[in-house]
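Asker: Sequence and computational prediction follow.
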Amino acid sequence: MAKILLTGATGYIGSHTWLALLAAGFDVVGVDDFSNSSPEVLNRLRELSAQAPVFVRADVNDAAAMDAVFAEHRVAAVVHFAAFKAVGESTAEPLKYYANNLGGLIGTCAAMRRHGVKALVFSSSATVYGEPQFLPYTEAHPLAAMNVYGRTKLMGEQILRDLEAADSSWNFAWLRYFNPVGAHESGRIGEDPRGIPNNLMPYVQQVAVGRREFLSVFGGDYDTPDGTGVRDYLHVMDLAEGHVAAVRYLLEAQRSVTVNLGTGVGVSVLELLKAFEAACGHALPYRIVDRRAGDLPSYYADASLARKLLGWQARRGLQQMCDDSWRWQQANPDGYGASAEVQA
Ligand code: UFG
């Protein structure tokens, strides 16, 4: 079976995709520098897959380390997750974001080219669409990122389009994720953000487990059914399976593809909170506060192209997203924290 290289392999989406690829029969080699993930993930992957994960600790910009990976492993395609993703931090530290997100992408592609590997799946984001001109967003929606993080994704897409224009033997899958949430159904791997969570679901999880006092709902006066922000939340295992479908497409059709990965369903902050209360079995305190600067009122995907081209669609609903997030958070109230220290 084909071997797939994952960069950012021990991160939230990387670790779930790793399992999905193994379940689909692919071989996987993972690379991560642990700059925003825990080595404990590898123990969990070993347990869940009943095999030792093939892993190299390296920065994708370390050309010698990447050359060694490609020399040792016959890689058919790369899934490039390695990137920073905090919108607020990206505004405060643009150089850090451009250097890591674009430098890492260029370093990865340069290593691939040295070794004749020319199929890459790129983690892009719905954020590249910017202010909605129409909803749901289709892949043809105009592109206009609204912050530094979003611009690293938009520029990353462009770099790869330029590479394909210069050498048509490259094939890319540009996957525009909506809002990934949830955890593997085992509850053994999940999202473990460092510090105070920026995103809704991890924050709600921490309120549910008692690590935070209440949820601040950013804005209650948007032009949405209940006044709170609406997003297209997507179960991380559905997202992981979307990557498997994209890898298959690259290897079989040998063509590039740009698709949204979402459910097509918009869910408000208060709807998500209610579903999480049903999952954890108790009320979750919240306060409506001011809007967060830069947030859009509402957006969701037209997910039909991924279905048509990749044969992929999201299968897991909001309640399962919350149930699986809760299973993970309840069993690991401090994330990977304690076990990671033991290993280090
Ligand atoms: N929200 C709260 N309270 C919180 C956190 C979030 O009310 O503590 C609200 C937000 O205002 C928004 C919704 O919950 O209405 C979702 O917010 P997230 O921060 O979870 O997600 P965003 O949609 O803002 O951003 C996400 C990713 C970005 C990515 C973007 C792409 O975090 O990396 O989707 O569409 F760029």
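Answerer: Structure received.

Asker: Identify the residues contacting the closest residue to residue 242 other than its chain neighbours.
Answerer: Leaving aside its sequence neighbours, residue 242 sits nearest to residue 261 (C-beta to C-beta, 6 or more residues apart in numbering; 4.4 Å). C-betas here are computed from N, CA, C, even on glycine. Residue 261 makes contacts with 175-178, 234, 238-239, 242, 301, 303, 306, 312, 314, as judged by C-beta atoms under 8 Å, 6 or more residues apart in numbering.

Asker: What is the nearest of these to the ligand?
Answerer: When the contacts of residue 261 are ranked by distance to the ligand (C-beta to the nearest ligand atom), residue 178 comes first, at 6.1 Å.

Asker: check contacts around the residue lying closest to that closest one once chain neighbours are set aside.
Answerer: Take residue 178 and drop its neighbours on the chain: the residue closest to it by C-beta to C-beta, 6+ apart is residue 262, 3.4 Å away. Under the criterion of C-beta under 8 Å, 6+ apart, the contact list for residue 262 reads 126, 177-179, 232, 234, 300-301, 303, 314.

Asker: 7 Å instead?
Answerer: Counting by C-beta atoms under 7 Å, 6 or more residues apart in numbering, residue 262 touches 126, 178, 232, 234, 300-301, 303.

Asker: ok, is stretch 132-141 in contact with the ligand or not?
Answerer: No: using C-beta under 6 Å from any ligand atom, stretch 132-141 stays clear of the ligand, coming no nearer than 9.4 Å.

Asker: mind listing what's buried in that stretch?
Answerer: For stretch 132-141, burial by neighbour count (16 or more other C-beta atoms under 10 Å) applies to 135-137, 139, 141.

Asker: Now the residue nearest to residue 178. Its backbone dihedrals?
Answerer: With angles defined as degrees, to the nearest 10, residue 262 sits at phi -150, psi -180.

Asker: What parts of the stretch 151-300 of the chain come near the ligand?
Answerer: Close to the ligand, as judged by C-beta under 6 Å from any ligand atom, the stretch 151-300 of the chain has residues 179, 198-200, 203, 215-218, 229, 231, 269, 292, 295.

Asker: which ones among those are found in helices?
Answerer: Mapping those onto helices (DSSP state H) picks out 200, 203, 269.

Asker: Tell me where the model's unsure across the stretch 1-150 of the chain.
Answerer: Within the stretch 1-150 of the chain, no range satisfies pLDDT under 70.

Asker: Residue of it nearest the ligand, please.
Answerer: Of all residues in the stretch 1-150 of the chain, residue 127 sits closest to the ligand, at 3.2 Å by C-beta to the nearest ligand atom.

Asker: right, and that residue touches residue 153 too?
Answerer: Yes: here residue 127 lies in contact with residue 153, judged by C-beta atoms under 7 Å, at a distance of 6.2 Å.

Asker: Please, where are all the strands along the stretch 201-344 of the chain?
Answerer: Counting by DSSP state E, counting those that start in this stretch, the stretch 201-344 of the chain has strands at residues 215-218, 230-231, 233-235, 257-261, 267-268, 286-289.

Asker: Quick one: mean pLDDT for the second one?
Answerer: Rounded to a whole number, the mean pLDDT of strand 230-231 is 98.

Asker: for the first one, same thing?
Answerer: Rounded to a whole number, the mean pLDDT of strand 215-218 is 98.

Asker: ok, now stretch 165-172?
Answerer: Here stretch 165-172 scores 98 as its mean pLDDT.

Asker: in that stretch, what counts as buried?
Answerer: Of all the residues in stretch 165-172, those buried under the rule 16+ other C-beta under 10 Å are 170-172.

Asker: of all the residues you listed, which comes closest to the ligand?
Answerer: Nearest to the ligand among those is residue 172, at 19.5 Å by C-beta to the nearest ligand atom.

Asker: pretty sure the closest one belongs to a helix, no?
Answerer: No: counting by DSSP: H, G, I helix; E, B strand; the rest coil, residue 172 is not part of a helix but strand.

Asker: That one contacts residue 162, doesn't it?
Answerer: No: counting by C-beta under 7 Å, residue 172 does not reach residue 162; the two are 11.0 Å apart.

Asker: and the one residue in the stretch 201-344 of the chain that gets nearest to the ligand, what is it in contact with?
Answerer: Proximity of the stretch 201-344 of the chain to the ligand (C-beta to the nearest ligand atom) peaks at residue 229, 2.2 Å away. Applying C-beta under 7 Å, 6+ apart, we find residue 229 in contact with 218-219, 222, 268-269, 295, 297-298.

Asker: Mind jotting down where the helices sit in the stretch 201-344 of the chain?
Answerer: Along the stretch 201-344 of the chain, counting by DSSP state H, counting those that start in this stretch, helices occupy 236-253, 269-280, 304-310, 318-331, 337-343.

Asker: buried set for the second one?
Answerer: Buried positions in helix 269-280, judged by neighbour count with 16+ other C-beta under 10 Å: 269-276, 279-280.
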